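>>> Only the shape, not the letters, is given here:
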């Protein structure tokens with residue numbers, strides 16, 4: 001099994017990076033190949049637009065999905081898109097590590113989705129990328145009641161469905177860490193333990 005591990009957080013000392021680094025270590029201990037994308041350190045451009053491809057007809061009004069489909073046969077994508085698409089082609093599982101901001105992906109990660117999951121490659125008729133497995137590992141601002149926990153779960157399930165369900169990927173249970181900034185060191189260690197157990201149950205021991 002090969003995992004494409006993405007982290008979308010601007011702070012390397014964050015708890016998101018603690019989870020990300022633990023996943024890398026765990027996969028290494030179990031001889032699971034990992035390819036990484038640290039979107040902020042890569043300075044990945046999250047803004048989709050005309051510079052994403054090089055062969056859109058100059059005499060036509062620009063249309064993103066059409067430009068992506070036209071680019072596909074000649075692989076006329078920008079270098080950053082080509083790199084990320086190769087990582088997707090080579091992996092079996094996509095693991096996304098990110099903070100939930102306004103009930104969705106951070107803009108950096110949303111832009112990665114916009115630019116890398118191109119029409120004809122990741123979705124649409126005769127898409128060339130076969131469906132993969134995907135798992136979210138998420139931190140949130142905190143949940144003060146079971147009702148709030150359930151609300152977060154609903155939002156995360158919708159995010160799974162809207163993107164990856166649409167592409168017919170196999171959605172694995174998300175790991176969700178609520179309110180980590182307000183937790184003690186002992187509580188954070190417990191969360192890391194739960195995260196490790198989650199990865200073992202849903203990825204490592206079924207590889």
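Structure's in. What do you need? All of these numbers come straight from a predicted model, not from anything done at the bench. Numbering: from 1, shown residues only.
>>> Quick check, central residue of this structure?
residue 96 (3.4 Å; C-alpha atoms, centre = their mean).
>>> And for the helix or strand bottoming out on mean pLDDT in the chain, what's in contact with it?
Least confident helix or strand, the chain: helix 146-160 with a mean of 94, by mean pLDDT, DSSP states H and E. The contact list for helix 146-160 (C-beta atoms under 8 Å, 6 or more residues apart in numbering) reads 100, 103-105, 134, 136, 138, 140, 143, 171, 174, 176, 178. In this view, the C-beta of every residue, glycine as well, is placed from N, C-alpha and C.
>>> if you set the cut-off to 7 Å instead, what comes out?
With C-beta atoms under 7 Å, 6 or more residues apart in numbering as the test, helix 146-160 has contacts from 103-104, 136, 138, 140, 143, 171, 174, 176, 178.
>>> Greatest separation within these: which pair is it?
143 and 171 (21.2 Å; C-beta to C-beta).
>>> Quick check: pLDDT value at the spatially most distant residue from the centre of the chain.
Distance from the C-alpha centroid of the chain peaks at residue 59, with 35.2 Å (C-alpha atoms, centre = their mean). For residue 59, the pLDDT comes out at 93.
>>> same check, this time on residue 143
So, for residue 143, pLDDT stands at 84.
>>> Okay, it and residue 193: tell me how far apart.
Per C-beta to C-beta, to the nearest Å, residue 143 is found 19 Å from residue 193.
>>> Same drill for the two, tell me which one is more crowded.
With neighbours defined as other C-beta atoms under 10 Å, residue 143 and residue 193 compare such that residue 143 has more, 16 against 11.
>>> what ranges do the strands span in this protein?
Under the criterion DSSP state E, the chain contains strands at 2-7, 33-38, 93-99, 133-140, 170-171, 175-178.
>>> The first one vs strand 133-140, what angle?
The directions of strand 2-7 and strand 133-140 differ by 20 degrees, with axes from the mean of the first three to the mean of the last three C-alpha atoms, to 10 degrees as the criterion.
>>> before we move on, what about the third one?
Orientation of strand 93-99 against strand 133-140 (the same axes, to 10 degrees) gives an angle of 10 degrees.
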